[in-house]
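>>> Show me how the following folds:
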Amino acid sequence: MSPHRERKTAGIEPVGVLVITLKELESFNGRNRMKSYVAVEGKVYDFTQLNRWRNGSHQGGMHLAGEELTSELLKDSPHGVRRIQGVDAVALFGVTIDELPSMNGRDGKKAYVAVSGKVYDFSNFSRWRNGSHQGGMHLAGEELTRELLEDSPHGDVKLDGAYLVGILVFTPEQLKRFDGITENRKFVAYEGIVYDVADLGDWTGNYGVELDRELSDKELSLLEEALVIGFLVYN
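Here you go, the predicted structure:
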């Protein structure tokens with residue numbers, strides 16, 4: 001809308017990336033003067049100015065703003081991604097570690113699974129019906145990096161065909177729980193990335209913390225072997 005457009009930001013150093021979470025997205029539903037945001041393939045788009053999304057409703061309420069609609073727009077919609085072209089992406093879409101369990105594939109919810117810091121929609125997989133896989137051995141709504149990449153005979157092959165919907169994010173307060181005691185997993189964050197360091201026998205120091213110091217070459221080498229779990233965000 002500005003006559004200057006991007007020229008006003010040219011040369012300004014970015015200070016961060018805006019992430020809109022699942023809960024935050026719900027409030028941008030196009031009603032009560034709120035904007036109409038829709039998440040597709042990991043990005044949040046502003047549909048406010050689209051005539052076919054007036055008041056946050058599309059096709060008579062078939063699709064609603066304030067929701068993650070990757071599968072609906074890529075698979076179920078006859079337009080596919082063409083309707084997104086030319087629409088501004090305003091943020092990345094993130095699912096917090098506390099929001100993830102709500103998307104468990106039951107009671108009409110989609111089946112989200114987090115692997116390597118990315119959140120996938122497994123709803124269209126017949127072997128994940130109702131969010132359960134292999135008789136309940138694996139459940140949707142969970143972070144399953146180790147289970148699917150290391151413990152599963154299929155490896156990351158099973159991610160083929162799944163819809164990538166966003167990234168898994170932790171606030172510093174949420175990260176604190178993964179200290180090996182409160183939660184039986186050992187995570188640390190470094191330069192915005194959350195790692196699982198449980199299997200790093202030579203790792204020293206606390207767990208469930210953000211490392212704000214310069215790491216030694218040995219520590220950096222260890223992190224290269226660790227599993228990436230997600231990303232750190234600030235409120």
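
>>> rest of the way, CA atoms for contacts and neighbours
OK.

>>> from memory Y120 sits against G161, does it?
No: Y120 is beyond contact range of G161, at 9.7 Å (criterion: Cα atoms under 8 Å).

>>> With neighbour numbers in mind, choose between these two.
With neighbours defined as other Cα atoms under 10 Å, Y120 and G161 compare such that Y120 has more, 24 against 12.

>>> Bridged to the more buried one, which residues?
V113, L164 (DSSP bridges).

>>> Tell me how far it lies from E68.
Y120 sits 12 Å away from E68, going by Cα to Cα, to the nearest Å.

>>> what is in contact with those two at once?
Jointly contacting Y120 and E68 under the rule Cα atoms under 8 Å, 6 or more residues apart in numbering are V165.

>>> per the record, what domains does this protein have?
15-94, 101-164, 171-232 (automatic domain parsing).

>>> So for T9, which of these sits nearest?
domain 15-94 (12.3 Å; Cα to Cα).

>>> Could I get the average pLDDT for that closest one?
For domain 15-94, mean pLDDT is 83.

>>> tell me the mean pLDDT for stretch 115-134?
91.

>>> neighbours around G131, how many?
Count around G131 with other Cα under 10 Å applied: 24.

>>> go on, E191?
Around E191 there are 12 other residues, counting by other Cα under 10 Å.

>>> and it, what is it in contact with?
211-212.

>>> Need the residue closest to the centroid of this protein.
I167 (2.3 Å; Cα atoms, centre = their mean).

>>> If you count residues, where's the longest helix of the chain?
helix 217-225 (DSSP state H).

>>> Phi and psi next, for Y37.
Here is the backbone geometry of Y37 (degrees, to the nearest 10): phi -110, psi 140.

>>> same question, A226
According to degrees, to the nearest 10, A226 has phi -80, psi 160.

>>> circling back: make a markdown table out of the domains of the chain and add distance to K8.
Formatted as a markdown table, the domains of the chain follow (distance: least, Cα to Cα, whole Å):
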| stretch | distance to K8 |
| --- | --- |
| domain 15-94 | 16 |
| domain 101-164 | 33 |
| domain 171-232 | 28 |
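
>>> Can you give me the separation between the residue nearest to the centre of the chain and E214?
In terms of Cα to Cα, I167 sits 26 Å off from E214.

>>> tell me which element G205 falls in.
When elements are assigned from DSSP states H and E, G205 belongs to no helix and no strand.

>>> roughly how far apart are it and F187?
On the measure of Cα to Cα, G205 and F187 end up 11 Å apart.

>>> for A39, same thing?
Taken as Cα to Cα, the span from A39 to F187 is 28 Å.

>>> hmm, back to that, higher neighbour count, G205 and F187?
F187 (27 against 8).

>>> which non-adjacent residue is nearest the more buried one?
D196 (4.6 Å; Cα to Cα, 6 or more residues apart in numbering).

>>> What is the burial count for that neighbour?
Count around D196 with other Cα under 10 Å applied: 23.

>>> ok, it - contacts?
185-188, 226-229.

>>> at 10 Å instead, please
Contacts for D196 (Cα atoms under 10 Å, 6 or more residues apart in numbering) come out as 145-146, 178, 185-189, 207-208, 223, 225-230.

>>> for G105, same thing?
G105 touches 111-113, 121-123, 128-132, 139-141, counting by Cα under 10 Å, 6+ apart.

>>> now swap in G136 and tell me
W128.

>>> Counting neighbours, what do you get for T96?
22.

>>> mind checking pLDDT for the residue lying closest to E41 once chain neighbours are set aside?
Once flanking residues are discounted, E41 sits nearest to V165: 4.6 Å by Cα to Cα, 6+ apart. Listed pLDDT for V165 reads 97.
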